[in-house]
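K.L.:
Turn this into a structure:
(chains A and B)
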Amino acid sequence: MSNVIKHPKDFWTGVMFLAVGLSAVFIGRDYAMGTAARMGPAYFPTVLGGLLSVIGGIAIFRSFKRVGDPIEKFHLKPLLIVLAAVVLFGVLMRGAGLAPAAVVLIMVSAFASAQFKWHEALLLALGMAGFAVLVFVKLLGLPLAVFGPWLQF
Amino acid sequence: MELLSNLGLGLETAFTLTNLLYCLLGVFVGTAVGVLPGLGPVATIAMLLPVTFGLPPISSLIMLSGIYYGAQYGGSTTAILVNLPGEPSSVVTAIDGYQMALKGQAGKALATAALGSFFAGTVATVLLALFAPPLADLALKFGPAEYFSLMVLGLVGSVVLASGSLLHAIGMVLVGLLLGLAGTDVNSGVPRYTFDIPELAEGINFVIVAMGMFGIGEIVRNLEHEQTRDLVMKKVSGLMLGKDDFKRIVAPVLRGTFLGSALGILPGGGAMLASFAAYSIEKKVSKNSAQFGQGAIEGVAAPESANNAGAQTSFIPMLTLGIPSNPVMALMIGAMIIQGIQPGPAVMTEQPALFWGLIASMWIGNVFLVVLNLPLIGLWVKMITVPYHRLFPAILMFCAIGVFSLNSSQFDIYLMALFGLFGYVCAKLNCEAAPMLLGFIIGPMMEEYLRRALILSKSDPMVFVQRPISAVMLALAVLALVAVLSPTLRKKREEAFHEE
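P.N.:
This next block holds a predicted model:
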């Protein structure tokens, strides 16, 4: 990080707040502002967005003055694997059904751990998928297909 | 005695077989959640919310609240036996509890934690029964201006009592408020911040936010440094306390209970703050303060009583005002809305069986917890050693199924993944998720009350300071902010959260 930014956490938090705040204000311009007595849909979010931008600005400004710890390393491997597992579940749930989606979710996500072992993950996946079918579909009666349309022949 | 007849009604409701079973289930799951690593009550309650849809309202609330206070019991077990707090509210318990375990006094520490918690839970239940009705009566007189100011005070409280940077906490509240506004505006029917995505037309479901930030985000952070958990001892024995031990813990338990009950009511308060404050105060006033850090039984008794008392009194603002003081209470409000109950002061008068039944169930739950935690300690000891790499895929699965079952929508799952990513980034930037979630829940209500207050006052903003109750609350909010910004108090606040 450059020498100007002494407090990277404050700096990037400020950038985040500023981005969210300003987009709230800008997107809000499409909606009616109204008056204080008859507030339009834009009124409250614009005020909040403005406040958030100010807070973000202060955080950025402060990051040039105060010294702070660097941001901890991002562990991309577990992050991406876990997110991918969740997204895959979403992709599979409708079409393939609960059982396959749960097996894939558990197999893929288990891979995020340093202690990953194939046979263990497979056993866990089958066991948990069976448990989920039992509890959510049979016991609680949620309207979830165990095997979806993709797997019906 | 109105109180007695009310409690009678409550006990009658809570003592039906179904409700007893749900109470037991709740505290059992709660203890498990407290014992298991990397799974907290927020994520668990969020996961179970969709499931509670089919239950009767009272059973659902009894079970969900059991998870919250049950987790306080379970969290201490892990803290004492493996020096890893199962819950943030047990962080300080680990300091002396683990030292006691190293000296072979694990049984004593566990018994102290359980009995202290039980005493605190009983007192907190009585306090809840005593203070909730007058507060609800007062709240019935509230107009929109009072509610708006109350929410401002609540949000300021959550900022002041958040453990990290003040500026970050304020920003996170605002981010939460804004996210809460996404969706169709109730007054004009205009879709706001929906990016033309039909799934966003009804706004973002808070279960998705809670599971993303507290479930997925937390899992990824735990995976960064996987720890193996080594038990101090394979078998726990000596669960009895001697006469001397009792003498030593009476005062700390009383102080912890009192402090915890008081801090639990505060907005932003609850179990975690209560335990930290109780430990640091006990360390100052105790006769045995020299032993603190080396296995002082007082250092277990005070924070464990405090966190349980705080967990229970944090229901007071939720039940009487309909305002959440921490993320768990925000989820409880969500649970009520799912059941078609509008949280607020009217709940007590319109649904007395539900209101008093829930309160009575807490005391019953505490009795269950003592039984679960002392004689059945062996079961929990086994659970402590479940390795995380076998646990987290299962948690992930429950999160995914829970979110999908809300609306049978894949979009919700992708959104949860997105909030998981956001939660992880926030954690890296020292931005806490709790104030954001509170803002998220309060956002739409706050806008509505602001609107109504200004319509009633014919757009005169002075209405907020002219009405006495509203003015007092705003003054308190300003005072709290000013106080926390003053250099001396600021230092104290930082110290309080770094007790180690």
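
K.L.:
Just read off the phi/psi values of the residue of chain A found nearest chain B.
P.N.:
Relative to chain B, the nearest point of chain A is A:A37 (3.0 Å; CB to the nearest CB). C-betas here are computed from N, CA, C, even on glycine. For A:A37, the backbone dihedrals (degrees, to the nearest 10) come out as phi -80, psi -40.

K.L.:
Please give me every residue in contact with it.
P.N.:
B:454-455, B:458-459 (CB atoms under 8 Å, 6 or more residues apart in numbering or on different chains).

K.L.:
Scan those residues and report the most crowded one.
P.N.:
B:L454 (23 neighbours; other CB atoms under 10 Å in any protein chain shown).

K.L.:
Next up, phi/psi of the closest residue in space to B:A274 that isn't next to it in sequence, please.
P.N.:
Nearest residue to B:A274 in three dimensions, chain neighbours excluded: B:G310, at 3.1 Å (CB to CB, 6 or more residues apart in numbering or on different chains). Main-chain torsions, B:G310, degrees, to the nearest 10: phi -60, psi -40.

K.L.:
rewinding a little: put together TSV for the contacts of A:A37, with distance to chain A, secondary structure and pLDDT on each row.
P.N.:
Formatted as TSV, the contacts of A:A37 follow (distance: CB to the nearest CB, whole Å; DSSP: H, G, I helix; E, B strand; the rest coil; pLDDT from 0 to 100):
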residue	distance to chain A	secondary structure	pLDDT
B:L454	5	helix	88
B:I455	6	helix	86
B:K458	6	coil	81
B:S459	3	coil	78
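
K.L.:
returning to that earlier point: can you give me the distance of the residue nearest to B:A274 to B:T16?
P.N.:
Computed as CB to CB, to the nearest Å, the B:G310 to B:T16 distance reads 29 Å.

K.L.:
Kindly report the same for B:P317.
P.N.:
28 Å.

K.L.:
Convert the C-alpha atoms of stretch B:397-415 to CSV, please.
P.N.:
The C-alpha trace of stretch B:397-415 is given here as CSV (Å, rounded to 0.1, in the frame of the first residue of the first chain):
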residue,chain,number,x,y,z
MET,B,397,-26.6,-27.2,3.5
PHE,B,398,-29.1,-26.1,6.2
CYS,B,399,-28.5,-22.5,5.2
ALA,B,400,-29.1,-23.2,1.5
ILE,B,401,-32.2,-25.3,2.1
GLY,B,402,-33.6,-22.7,4.6
VAL,B,403,-33.2,-19.9,2.2
PHE,B,404,-34.6,-21.8,-0.8
SER,B,405,-37.7,-22.8,1.2
LEU,B,406,-38.5,-19.1,1.8
ASN,B,407,-39.8,-18.5,-1.7
SER,B,408,-38.6,-21.5,-3.7
SER,B,409,-36.3,-19.2,-5.5
GLN,B,410,-32.8,-19.7,-6.8
PHE,B,411,-32.3,-16.0,-6.8
ASP,B,412,-32.5,-16.0,-3.0
ILE,B,413,-29.6,-18.5,-2.8
TYR,B,414,-27.4,-16.4,-5.1
LEU,B,415,-28.3,-13.3,-3.0
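
K.L.:
re earlier: quick check: the residue nearest to B:A274 touching B:A277?
P.N.:
No - taking contacts as CB atoms under 8 Å, B:G310 lies outside contact range of B:A277: 9.1 Å.

K.L.:
These two: who's more crowded?
P.N.:
B:G310 (36 against 24).

K.L.:
ok, now which ones touch the closest residue to A:L144 other than its chain neighbours?
P.N.:
Leaving aside its sequence neighbours, A:L144 sits nearest to A:L98 (CB to CB, 6+ apart; 4.7 Å). Residues in contact with A:L98 (CB under 8 Å, 6+ apart) are A:129, A:132-133, A:136-137, A:144-146, B:401.

K.L.:
change it to 7 Å
P.N.:
Applying CB atoms under 7 Å, 6 or more residues apart in numbering or on different chains, we find A:L98 in contact with A:132-133, A:137, A:144-146.

K.L.:
any idea how far B:V463 is from B:L374?
P.N.:
In terms of CB to CB, B:L374 sits 55 Å off from B:V463.

K.L.:
roughly how far apart are the closest residue to B:S408 other than its chain neighbours and B:G54?
P.N.:
Nearest non-adjacent residue to B:S408, counting by CB to CB, 6+ apart: A:P143, 7.2 Å away. Counting by CB to CB, the separation of A:P143 from B:G54 is 11 Å.

K.L.:
tell me the mean pLDDT for stretch A:25-35?
P.N.:
Averaging pLDDT along stretch A:25-35 yields 88.

K.L.:
residues making contact with that stretch?
P.N.:
Contacts for stretch A:25-35 (CB under 7 Å, 6+ apart): A:40-43, A:45-46, A:49-50, A:53, B:188, B:190, B:192-193, B:459.

K.L.:
Model confidence at B:G260, what's the number?
P.N.:
91.

K.L.:
And B:K234, by the same measure?
P.N.:
At B:K234, pLDDT is 60.

K.L.:
for residue 92, what are its contacts?
P.N.:
Picking chain A for this. A:L92 neighbours (CB under 7 Å, 6+ apart): A:100-101, A:104.

K.L.:
wait, chain B
P.N.:
Here B:V92 is in contact with B:275-276, B:279, B:303, B:499 (CB under 7 Å, 6+ apart).

K.L.:
run the last query once more with 10 Å
P.N.:
Residues in contact with B:V92 (CB atoms under 10 Å, 6 or more residues apart in numbering or on different chains) are B:79, B:85, B:272, B:275-280, B:282-283, B:299-300, B:302-304, B:306-307, B:499-500.

K.L.:
From B:I401, how far out is the residue nearest to A:L144?
P.N.:
7 Å.

K.L.:
where do the contact lists of these two overlap?
P.N.:
With CB under 10 Å, 6+ apart, A:L98 and B:I401 have common neighbours A:89, A:132, A:136-137, A:142, A:144.

K.L.:
Restricted to strands, list these.
P.N.:
The strands, defined by DSSP state E, take in nothing from those.

K.L.:
Of those, which is the most crowded?
P.N.:
A:F89 (32 neighbours).

K.L.:
Output the below-cut-off pLDDT ranges for chain B.
P.N.:
The model of chain B has pLDDT under 70 over residues B:1, B:163, B:227-235, B:268-270, B:487-500.

K.L.:
residues touching the residue nearest in space to the middle of it, list them.
P.N.:
Closest to where the C-alpha atoms of chain B average out (CA atoms, centre = their mean) is B:V328, at 4.2 Å. B:V328 makes contact with B:40-42, B:44-46, B:64-65, B:67-69, B:71, B:210, B:270-271, B:311, B:314-315, B:318, B:434, B:437, according to CB under 10 Å, 6+ apart.

K.L.:
ok, 6 Å please
P.N.:
B:41-42, B:68 (CB atoms under 6 Å, 6 or more residues apart in numbering or on different chains).

K.L.:
Chain A: which of these is nearest?
P.N.:
B:V42 (17.8 Å).

K.L.:
if you skip the residues just before and after it, what's nearest to that closest one?
P.N.:
Leaving aside its sequence neighbours, B:V42 sits nearest to B:F214 (CB to CB, 6+ apart; 4.3 Å).

K.L.:
Which segments of chain A make up each domain?
P.N.:
Using automatic domain parsing, the domains assigned to chain A come out as A:8-63, A:76-151.

K.L.:
and the stretch 251-400 of chain B, which of its residues are near chain A?
P.N.:
Proximity of the stretch 251-400 of chain B to chain A, by CB under 6 Å from any CB of the partner chain, involves residues B:389-390, B:393-394, B:396-397, B:400.

K.L.:
top of those residues by neighbour count?
P.N.:
In terms of neighbours by other CB under 10 Å, those top out with B:A400 at 32 neighbours.

K.L.:
Tell me where chain A is predicted with low confidence.
P.N.:
A:1-2, A:153.
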